[in-house]
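Trainee: Make a model of this:
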Amino acid sequence: MKKLILLFSLFLAPAFSYKENQKINQNFSSNNTSHKRLKRDWIWNRMHIREEIDSPLPHHVGKLTSSVGNKNAMYIIEGESANTIFKVQGYDGDIYAFERLDREKKAEYELTAHIIDRRNNRSLEPPSKFIIKVSDINDNAPIFVQKIFNGSVPEMSRLGTSVTKVTAEDADDPTVAGHATVTYQIIKGNEYFTVDDSGVIFTARADLDRESQSAYEIIVKAKDALGLTGESSTATVIIRLTDINDNFPVFKHPSFHFRVPENISVGGEVGRVKVEDIDEPQHRNTKYSFVRGDYRDTFEIIANPFTNEGIIRPKKPLDFEKVAEYRFDIEATDHNVNPAYYKPGGSRSISTITIEVTDVDEPPVFTKLSYEFKVRENDPEIKTLGSVWAHDPDAAKRKIRFARRRASPNGDYVRVSDSGIIQLPKPLDREFSSLYNITVAAQEILEDGRLSDRESHAQVHVIVTDENDNAPELVYPEEPRVCENAAPGKVIIRISATDKDEISPGGFFTYSLTTEDSNFSLTENPDNTANITVKDGQFNRELAKIHYLPVIISDNGNPELSSTNTLVISVCKCNEKGDFTFCEERAKQVGVSVQALVAIFICIFTIIAVIALLILLRKRHKKDLSGLRRNVAEIHEQLVTYDEEGGGEMDTTSYDVSVLNSVRKNGIKPEVVPSAYAQVQKPPGNTTSGAGEMEMMIEVKKDEADNDRDLLPYDTLHIYGYEGAESIAESLSSLESGSSDSDIDYDFLNDWGPRFKMLAELYGSEPNEDFVY
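Mentor: Residues are numbered from 1 along each chain as shown. Prediction:
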């Protein structure tokens, strides 16, 4: 019934609006004079149309009405969806929708209305905008914003604890009462959780245990109860139970048995006991404690924070000979478990621990970890300081042998005998070291006389007490200087002393001068120092530019010792203010340490040895050369007489050198034929023609090589740069060829090919200036 009334009001609204406007116009016209022009105006209200109308198309939307009383008036519309979805009848202004409208797609349409004269299309009124609003019907089911929701809640939470919230949206108009109202309902898992009308999910019971079931999958339905079709949608909600510390640890075994050697180190691991805690790792806080047994002072149990295991460790050394087996009970519990969540089974878990100690061959055990002895320094009568002692802790009770392992300072200052007696081979000097430390090792002597490879160590400290055996020495911060015109009483320098011996709290030094004849005086100060002052004043640099002042320093030790130290004082020139302007530089004493002298001597001896070795090797080499020189036949065994190639430059019978001359003079390019020289055969007969001069030169070179001892070895290649005289072929050397006055034309070398290009450039008539040899 309500829907019919709503539709009737939508259709009647334009008619009521039209009548109301007519009344207003009549009143307006009656109150004005007749000569005034009446104002025309559009007459309609906002138009409405219901979505998803089931009746046949088109659907009437409304009517355009104007006060223009022109029978030729025609209505037209413009804007979005004009003349497509919406059309107007031009003669009466009725607007129709030619498609079914969906408010969820578009709720409003804005159009513009025109009224024109159909005869000339002239506008009779200004255009006016109007809105067609689509009215909603409850035709959409609610849709969840997502298909799967996730939530979490601590296990064992109270009844009604909020878990998460689901949301579904209805596309209908929320301004219309009941059109967008969504209700929720759990259709799966409602025995564990509930949901209210706002979509909030709550726990429906208080015993949700993560260890029994850690996650739940429920299905929630969203429904529009006032909808036309009553449709709905569903979504899945996955709820996980988060862990709390609600379970106690339980031992995996009722008893544990461990075997451990007796030499296990303190704090070492004996074994591990394991418990089971079904809570998540962050909520496993197992604590272990002793329940029965008197071994709390021997062992401790520490919980591993990562594995939740209990680590058993010894708190003191174990001894098989004293206790061979330990037995006690331990308890595992978690104090952080909330008592409200106690479950059946109790809060404690107890297990029995058995630790079996096995025997090992242990090293000797010293009676003390360290020994301390005192001795006076430089006492020649003290040879033995005392002894160290160790025993075999095993049942064998073997004998012990002692030995020194390390010493500080390093050296043979303190010894230890095989029986453990600490001895001094020589008196100790406290000024060298006031404390001597050695490490003594103790080893068992096996049955076969060998020493065991296991040993223990003890520290021996020898403290050297002081004796007053060192005289004090002078200390001054800078070189003392004094002005030649210094006034009497002028302080030159403050001196102090040092003593290598120990200085007692009441110890002091006494200062004095060896003579009173100098121009200096000495005054002692309360702080164990002394001042050197000018006695009479006015020093003469012409007589002495440097003064040597002996100072005696004594201590109050027992016995009292003193030393004489020389203070070197320079007399300087000064200005009126007393500032030094010129002082002679003293020759500084340069000292060389013993180590430096040893290094220098070693270098000198090394150099001398190297030189002597070189001389010896040279003499031996000369001796070998002289032995070779005696056997001339062996020396010249590689000297060969070449007498089959002619008699030198004068021999022209075997080789026809005229061929070279003819080629050079005529410029004829040699043919590619076998060389004529290769066909020349050596004629029989005497070949000594022209050989006398060459033979003489060779003999001279041989004699030089035989008699000169400084020459290279005899197998060295000797080059005899001698060509002889009166050669028909002249010299074949290219040296000085360019400077000769020969009129021979060497241009024919250019025709001999690339192999003679170098000679052609060297001997050509037009040498290339850019050529670089």
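Trainee: low pLDDT regions in the stretch 401-550 of the chain?
Mentor: Judged by pLDDT under 70, the stretch 401-550 of the chain has no weakly predicted residues.
Trainee: can we see that at 80?
Mentor: Within the stretch 401-550 of the chain, the segments meeting pLDDT under 80 span 476-478, 503-507.
Trainee: which residues in it form strands?
Mentor: 415-416, 421-423, 435-445, 451-465, 473-475, 481-483, 491-498, 509-513, 520-524, 530-534, 546-555 (DSSP state E, counting those that start in this stretch).
Trainee: right, so of these, which gets closest to Arg158?
Mentor: Proximity to Arg158, assessed across those by C-beta to C-beta, is greatest for strand 451-465 (65.8 Å). All C-beta atoms are positioned from the backbone trio N, CA, C, and that covers glycine.
Trainee: So what are the sheet partners of that closest one and their directions?
Mentor: strand 370-376 (parallel), strand 435-445 (antiparallel) (DSSP bridges).
Trainee: buried residues in the first one?
Mentor: For strand 370-376, burial by neighbour count (16 or more other C-beta atoms under 10 Å) applies to 371, 373, 375.
Trainee: ok, what's across the strand from the first one?
Mentor: Pointing back at Tyr371 there. Beta-bridge partners, per DSSP bridges, of Tyr371: Val460.
Trainee: Helix, strand or coil: sort out the spatially most central residue of the chain for me.
Mentor: Closest to where the C-alpha atoms of the chain average out (C-alpha atoms, centre = their mean) is Phe306, at 28.4 Å. Under DSSP: H, G, I helix; E, B strand; the rest coil, the three-state class of Phe306 is coil.
Trainee: how near is it to Ala332?
Mentor: 16 Å (C-beta to C-beta, to the nearest Å).
Trainee: what do you get for Glu110?
Mentor: In terms of C-beta to C-beta, Glu110 sits 79 Å off from Ala332.
Trainee: Ile201 too?
Mentor: Counting by C-beta to C-beta, the gap from Ile201 to Ala332 is 38 Å.
Trainee: would you list the buried residues of strand 370-376 in JSON lines and tack on distance to Ile602?
Mentor: JSON lines is the format used below for the buried residues of strand 370-376 (distance: C-beta to C-beta, whole Å):
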{"residue": "Tyr371", "distance to Ile602": "42"}
{"residue": "Phe373", "distance to Ile602": "40"}
{"residue": "Val375", "distance to Ile602": "37"}
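Trainee: So which of these is the closest to Ile611?
Mentor: Minimum distance to Ile611 across these is 52.3 Å, recorded for Val375 (C-beta to C-beta).
Trainee: does the closest one have beta-bridge partners, and which?
Mentor: Residues in beta-bridge contact with Val375 (DSSP bridges): Val464.
Trainee: That one against Ile463, yeah?
Mentor: Yes: between Val375 and Ile463 there is a contact at 7.5 Å, judged by C-beta atoms under 8 Å.
Trainee: returning to what we had before: more neighbours, Glu110 and Ala332?
Mentor: Ala332 (25 against 12; other C-beta atoms under 10 Å).
Trainee: Any buried residues in the helix or strand that one falls within, and which?
Mentor: Per DSSP states H and E: Ala332 is located in strand 325-333. Neighbour-count burial for strand 325-333 flags 326, 328, 330-333 (criterion: 16+ other C-beta under 10 Å).
Trainee: do the same with stretch 382-401
Mentor: 385, 388-390, 392-394, 398, 400-401.
Trainee: re earlier: quick one: the residue nearest to the centre of the chain and Arg284, what's the gap?
Mentor: 10 Å.
Trainee: follow-up on the earlier one: closest to Ile115 out of the strands of the stretch 401-550 of the chain?
Mentor: strand 451-465 (121.7 Å).
Trainee: quick revisit: how about the residue nearest to the centre of the chain, what does it touch?
Mentor: Not one residue lies near Phe306 by C-beta atoms under 8 Å, 6 or more residues apart in numbering.
Trainee: Just the local confidence number for it, please.
Mentor: In this model, Phe306 is scored at 88, pLDDT.
Trainee: before we move on, what about Ile186?
Mentor: 91.
Trainee: Can you verify it is assigned to a strand?
Mentor: Yes: looking at Ile186 with three-state DSSP, it is inside a strand.
Trainee: How many neighbouring residues does Gln213 have?
Mentor: 11.
Trainee: oh sorry, the question was meant for Asn750
Mentor: 14.
Trainee: just the one 4 residues further on next, same as before
Mentor: Residue neighbour count, defined by other C-beta under 10 Å, stands at 7 for Pro754.
Trainee: how about it, phi and psi?
Mentor: Backbone dihedrals for Pro754, given as degrees, to the nearest 10, come out at phi -70, psi -20.
Trainee: Who are the contact partners of it?
Mentor: Counting by C-beta under 8 Å, 6+ apart, Pro754 has no contacts.
Trainee: I'd like to know how far it sits from Glu761.
Mentor: 11 Å.
Trainee: who touches stretch 182-192?
Mentor: 142, 166, 168-170, 193-197, 199, 201, 203-205, 208, 216-225, 234.
Trainee: Quick one, which of these are buried?
Mentor: Buried among these (16+ other C-beta under 10 Å): 142, 166, 168, 170, 193-195, 199, 201, 203-204, 208, 216, 218, 220-224.
Trainee: Among those, which lie within strands?
Mentor: Counting by DSSP state E, those place 168, 193-195, 201, 203, 216, 218, 220-223 in strands.
Trainee: Closest one to Pro488 out of those, please.
Mentor: Thr203 (108.8 Å).
Trainee: Helices of the protein, start to end?
Mentor: Taking DSSP state H as the test, the helices found in the chain are 2-30, 594-629, 632-635, 658-666, 692-707, 757-763.
Trainee: Buried residues, the fifth one. List them.
Mentor: Buried residues in helix 692-707, defined by neighbour count with 16+ other C-beta under 10 Å: Met694.
Trainee: which parts of stretch 145-156 are buried?
Mentor: Those would be 149, 151, 153, 155-156, for stretch 145-156 by 16+ other C-beta under 10 Å.
Trainee: Take those residues and write them to JSON lines, including distance to Ile85 and pLDDT.
Mentor: Output for the buried residues of stretch 145-156, formatted as JSON lines (distance: C-beta to C-beta, whole Å; pLDDT from 0 to 100):
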{"residue": "Phe149", "distance to Ile85": "40", "pLDDT": "94"}
{"residue": "Gly151", "distance to Ile85": "46", "pLDDT": "93"}
{"residue": "Val153", "distance to Ile85": "52", "pLDDT": "92"}
{"residue": "Glu155", "distance to Ile85": "59", "pLDDT": "89"}
{"residue": "Met156", "distance to Ile85": "62", "pLDDT": "89"}
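Trainee: wait, which of these is closest to Ile445?
Mentor: Nearest member of the buried residues of stretch 145-156 to Ile445, counting by C-beta to C-beta, is Glu155, at 69.1 Å.
Trainee: Assess the claim that the closest one and Arg240 are in contact.
Mentor: No: with contact defined as C-beta under 8 Å, Glu155 does not reach Arg240; the gap is 9.8 Å.
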